[in-house]
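>>> Here's my sequence, what's the structure:
(one chain, ligands or ions: 1)
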Amino acid sequence: MLKYPWDIIGHDRQLLVLEKEIAEDKLTHAYLFHGPKDTGKFTVASVLAKILLCPNNLCHQCRDCRLVKAGSHPDLIQMLDKGESIKIDDVRALVKKTNLTSQGKRRIVLIENLERMPLEAQNSFLKTLEEPAGETIFLMTSTQLKKIVPTILSRVRQMEFSLVPDDLMRKELRGRFKDHTDFEEVLQMAQGRPGLAIRLLSEPPALAAYKRIYNQIDLMLKQNDLTGKFSYVEDLEGDAEQLDLFFDIFCQILRKSAHDFLMTGKSQLSPRYNLVSVTQLFEQLIKTRYLIDRNANKKLALENFLLSTEK
Ligand SMILES: [Zn+2]
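A predicted model of the protein is given here:
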């Protein structure tokens, strides 16, 4: 049984470990919760910050709890992901703040998606991580460990948050969304990411956007229409959020199709595809995303990829 209201689905094993460390006062000075996005990492880090800043084990009523809720607790330093990378100046400011003495017993530094920190900034951050002033606990998350320098990785306690089984998501979400007409479809789309499932179930525009891209990709896989595909690239290349979604959904469609081929010998994907061609397309997709991630020409990379969907 869990003691604290973590407000996530799954990951009981990790939560029990954390609760034991809190109870025994054996917390490490730096945690890195990593895994796919929308699996609950940042929610856990935020709840843990609240627990550690409240002198009464998360009472929701004391001054500390109220300040955390208002986003103005003096001992809580946050670097939230608003879609931008972390600038070296932000890290300098963070280093400065952590060198001041905390007002209360301990200070918490909460960093969402640490991989947003450029390499040079990671090196200056490393020093703070090694020698913070007073009692400081770093609670950080990441979806891409590969972008974090090994010297940081070796100094933090890593905890993995993997995808949550569909059955568990269905069980936990059914009560809240029992009348939602797209409930099962959303579970399929979310592919083990409760945060995504909740967003799609509770925000109709998000679900509509998701479905639009889903249908677009479905069509791309069914038809030869290079002009249409290339004009879609123009919409995508200027919109980072849309592009991210496009890759996510494409990935998920191909993964599901490969799974269906393996389990049943067939797939609902266009008859133009078999297991081999789906796997090849999947590899192309991963490669394209990798290239764009490393600042390759977006338009060219996307056009090349969509060329491979023509038969
Ligand atoms: Zn409190």
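
>>> can you tell me the residue of the stretch 101-250 of the chain closest to the ion?
As assessed by C-beta to the ion, the ion sits closest to G104 within the stretch 101-250 of the chain, at 11.6 Å. Bear in mind the C-beta positions are built from the backbone N, C-alpha and C, glycine included.

>>> Leaving out the residues flanking it, which one is nearest to that residue?
Using C-beta to C-beta, 6 or more residues apart in numbering and skipping the chain neighbours, the partner closest in space to G104 is D75 (5.1 Å).

>>> what do you get for T141?
Per C-beta to C-beta, 6+ apart, closest to T141 is K41, 4.2 Å.

>>> Give me the neighbour count for the residue of the stretch 101-250 of the chain closest to the ion.
Counted with other C-beta atoms under 10 Å, residues neighbouring G104 total 16.

>>> Now do the SS call for it.
Under DSSP: H, G, I helix; E, B strand; the rest coil, the three-state class of G104 is coil.

>>> does the spatially closest residue to A190 that is not a sequence neighbour belong to a helix or a strand, and which?
Closest residue to A190 apart from its sequence neighbours, by C-beta to C-beta, 6+ apart: A197 at 3.7 Å. Secondary structure from DSSP states H and E places A197 in helix 194-202.

>>> which helices and strands sit right next to that helix?
Here helix 194-202 touches helix 166-174, helix 183-190, helix 204-222, going by 3 or more C-beta pairs under 8 Å, 6 or more residues apart in numbering; DSSP states H and E.

>>> So the residue of the stretch 101-250 of the chain closest to the ion is in contact with C62, correct?
No: under the criterion of C-beta atoms under 8 Å, G104 makes no contact with C62, lying 11.2 Å away.

>>> Which pLDDT value belongs to P74?
For P74, the pLDDT comes out at 93.

>>> Would you agree I77 falls within a strand?
Yes: assessed by three-state DSSP, I77 belongs to a strand.

>>> can you pull the contacts of the nearest residue to it once chain neighbours are set aside?
In space, I77 comes closest to V109 once its chain neighbours are excluded; the distance is 4.8 Å by C-beta to C-beta, 6+ apart. Contact analysis of V109 by C-beta atoms under 8 Å, 6 or more residues apart in numbering lists I77, Q78, M79, L94, T98, P132, T136, I137, F138, L139, M140.

>>> K127 too?
With C-beta under 8 Å, 6+ apart, K127 has these contacts: V95.

>>> Deepest-packed of the helices and strands packed on helix 194-202, please.
helix 183-190 (a mean of 18; mean count of other C-beta atoms under 10 Å).

>>> Now do the domain split for this protein, please.
What automatic domain parsing lists as the domains of the chain is 12-160, 203-307.

>>> closest to Q191 out of the ones you listed?
Proximity to Q191 (C-beta to C-beta) singles out domain 203-307 among those, at 5.2 Å.

>>> So which bits of the helix holding A197 are buried?
By neighbour count, with 16 or more other C-beta atoms under 10 Å as the criterion, the buried positions of helix 194-202 are P194, G195, L196, A197, I198, R199, L200, L201.

>>> and it, what's its mean pLDDT?
Mean per-residue pLDDT for helix 194-202: 95.

>>> who's in contact with that helix?
With C-beta under 8 Å, 6+ apart as the criterion, helix 194-202 contacts 8-10, 37-40, 43, 164, 169, 172-173, 176-177, 180, 182-183, 186-187, 189-190, 206-207, 210.

>>> Just confirm yes or no for stretch 40-53 near the ion.
No: using C-beta under 5 Å from the ion, stretch 40-53 never reaches the ion; the gap is at least 7.8 Å.

>>> Can you pull out the residues in contact with that stretch?
Applying C-beta under 8 Å, 6+ apart, the set of residues contacting stretch 40-53 is 4-11, 14-15, 18, 22, 27, 31, 33-35, 57-58, 64-65, 68, 73, 75-76, 104, 106, 108, 110, 112, 137, 139-141, 161, 164, 194-195.

>>> The residue nearest to the spatial centre of the chain and S102: what is the separation?
In the chain, the residue lying closest to the centroid (C-alpha atoms, centre = their mean) is K37, at 1.9 Å. To S102, K37 is 31 Å away according to C-beta to C-beta, to the nearest Å.

>>> got it, and L281?
From L281 to S102 the distance is 52 Å (C-beta to C-beta).

>>> pull the longest strand from this structure.
If you go by DSSP state E, the chain has its longest strand at strand 136-142.

>>> mean confidence for that strand?
Strand 136-142 comes out at a mean pLDDT of 97.

>>> could you say what helices and strands it packs with?
In this structure, strand 136-142 packs against strand 30-34, helix 41-53, strand 107-111, with contacts taken as 3+ C-beta pairs under 8 Å, 6+ apart.

>>> where's the longest one relative to the chain centroid, distance-wise?
The chain centroid and the centroid of helix 41-53 are separated by 16 Å, computed with C-alpha atoms, centre = their mean, to the nearest Å.
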